[in-house]
Structure formats: C-alpha cells, structure tokens
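[1] Provided below are the primary sequence and the corresponding predicted coordinates.
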Amino acid sequence: MEMARTLSRAGEADLPALALLCAAAQACWESRLPRGTTAEDCEPAFLCAAACTAAAGFTAGQGTAAVSFTAGDISVRGPGGGERQAAARSLERTAERLMSPYVSPGDLFLKGVRG
C-alpha cells in the first residue's frame, strides 16, 4: 500500500480507493500465478508488481482533472490526461516485466485456452 501510494502520489483522501486498487491488483496477480506457486514464492517482485498495477489504475483514473486554467495574469498548467495515461502504461509495463519470470503473458489466448 505504501509503495502504491508513493508511486501514485495519492493523497490522504485517496487512500480508501487506493486500498481497493491494491486488493484488486493482488488478486489479479495471484490469479496469473501457475498452479502450486504462491505470492510468497516471488514476494519481492509480486509486491512491487501489485503496487505498480494499483498505482497505474489510480493514475489512469486521475485523468479527469483540469489540465490548465487562467486567473487574470496567472496561468497554471498541470499534467494532461495523455501524460497520466502514459505514466499508467509505464507502470503496467513495469509490473509485467517484474512478474514475467513467474507468470504466463496475460494477453495470450489460444483457442479459448489462456496462455
């Protein structure tokens, strides 16, 4: 949870949502482990991957905020939705790389059989 909070820069008010994303990320990665392999078998990578996955979900969901605004002579520009989406994709790729030695690719399907 702390790693996901650091990666996503979630604030105190965002912690309940981030906790749900962490639980979902953990369940997702556990479901991709081969039979007989547990999260403890690959713990350092598993924890980092789950944190990256949760942070990616949180970051992607933050794309609805205002990108910029102007008040008089002062203009403020924040990261755009495209930048947030790119950051989320980068976190997802990092999670996949971390877990690649332990799981089969999540997007490989052959004749209805998960790869």
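    Alright, I've got the coordinates. Residues are numbered from 1 along each chain as shown.

[2] now stretch 18-35, how far from the centre of its chain.
    Its chain's C-alpha centre and that of stretch 18-35 lie 11 Å apart, by Cα atoms, centre = their mean, to the nearest Å.

[3] span of stretch 96-104 from start to end?
    10 Å (Cα to Cα, to the nearest Å).

[4] which sections of the chain are below the confidence cut-off?
    The chain contains residues with pLDDT under 70 at 63-73, 75-81, 105-115.

[5] which parts of this structure are helices?
    Residue ranges of the helices in the chain, as given by DSSP state H, are 2-8, 15-32, 43-61, 81-99.

[6] in stretch 56-64, what counts as buried?
    Judged by neighbour count using 16 or more other Cβ atoms under 10 Å, the buried positions of stretch 56-64 are 56-60, 62. Placement of C-beta: from N, CA and C, glycine included.

[7] follow-up on the earlier one: hey, which of the helices of the chain is tucked in deepest?
    Using mean count of other Cβ atoms under 10 Å, the stretch among the helices of the chain with the greatest mean number of neighbours is helix 43-61 (a mean of 22).

[8] quick one: residues in contact with that helix.
    With contact meaning Cβ atoms under 8 Å, 6 or more residues apart in numbering, helix 43-61 is reached by 1, 3-4, 7-8, 10, 14, 17-18, 21-22, 24-26, 28-29, 39, 84-85, 87-89, 91-92, 94-96, 98-99, 101-102.
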